[in-house]
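S.K.: give me a 3D structure for the following:
(one chain, ligands or ions: 1)
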Amino acid sequence: MARRPRIGVLALQGGVTEHLDLLTGLGADAVRVRTPADLAGLDGIVLPGGESSTIDRLLRMFELAAPLRTLIGGGLPTLATCAGLIILADFLEDPAPGQQTLGLLDITVRRNAFGAQVVSEEATLDTPDGPVRAAFIRAPIVTRVGPGVEVLARHHGQVVGVRTGTVTAVAFHPELTADTTLHQWLLDPRAAGRRQDRAVARRVTDP
Ligand code: GLN
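M.R.: Residues are numbered from 1 along each chain as shown. So this is what the prediction gives:
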């Protein structure tokens, strides 16, 4: 039998448990990531929702920012939800004081774009993977999508989901509605295949 895919969930702050439960239910070996050592041997990673400026600070404090940037930039399949999307973006319109990002997605993001903290909403979104039941909580929107980044979903006319070869990043929470569509994408061997393709491409083109 094939080895169970080992999927990390960044567990510094925010909504970790729901992701772990969904991934375990899909047959993954789901593990919390709190230190650089926890990144060893992962087949994929989830960057959960929470408060992006807090997660950013903790990422740097726990010396996870640099290894995460290397791994995700090198093609580790990644699912980022809400604050996770903010953490991956190249540009933020309205960062908190001192807030940095990993700068791995050629997008611009506006935080808290749908209103105040209490504002939340559920909706079913059309995506190339099928309908996804989404919960929005102080959700960001994507205000600029660079070349090479695919729009995955819109809500009220705004871009709320994007994808590159190995990264799916959404402004909402699929884990809070227990919708497994995007977690299945993360576990899809083709996501890992894409990573291997990239590794091979790098080996071929490296001097
Ligand atoms: N607005 C939050 C932030 O800026 C994200 C909200 C969420 O993850 N639900 O980090």
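S.K.: in contact with residue 157, which residues?
M.R.: The contact partners of residue 157, taken as CB atoms under 8 Å, 6 or more residues apart in numbering, number zero. Placement of C-beta: from N, CA and C, glycine included.
S.K.: what residues sit buried inside stretch 83-96?
M.R.: Going by neighbour count (16 or more other CB atoms under 10 Å), the buried part of stretch 83-96 is 83-90, 92, 95.
S.K.: does it reach the ligand?
M.R.: Yes - using CB under 6 Å from any ligand atom, stretch 83-96 reaches the ligand at 83, 86.
S.K.: off-centre distance for that stretch?
M.R.: On the basis of CA atoms, centre = their mean, to the nearest Å, stretch 83-96 sits 12 Å off its chain's mean C-alpha point.
S.K.: tell me the mean pLDDT for it?
M.R.: Taken as a whole, stretch 83-96 has a mean pLDDT of 97.
S.K.: what's the first-to-last distance across that stretch?
M.R.: One end of stretch 83-96 sits 13 Å from the other (CA to CA, to the nearest Å).
S.K.: numbering from 561 from now on, please.
M.R.: Sure, I'll start counting at 561 from here, so that last one is stretch 643-656.
S.K.: who touches it?
M.R.: Under CB under 8 Å, 6+ apart, the answer for stretch 643-656 is 570, 574, 606-613, 615-616, 619, 632, 638, 640, 659, 661-672, 700, 702-704, 706, 722, 727, 729-731.
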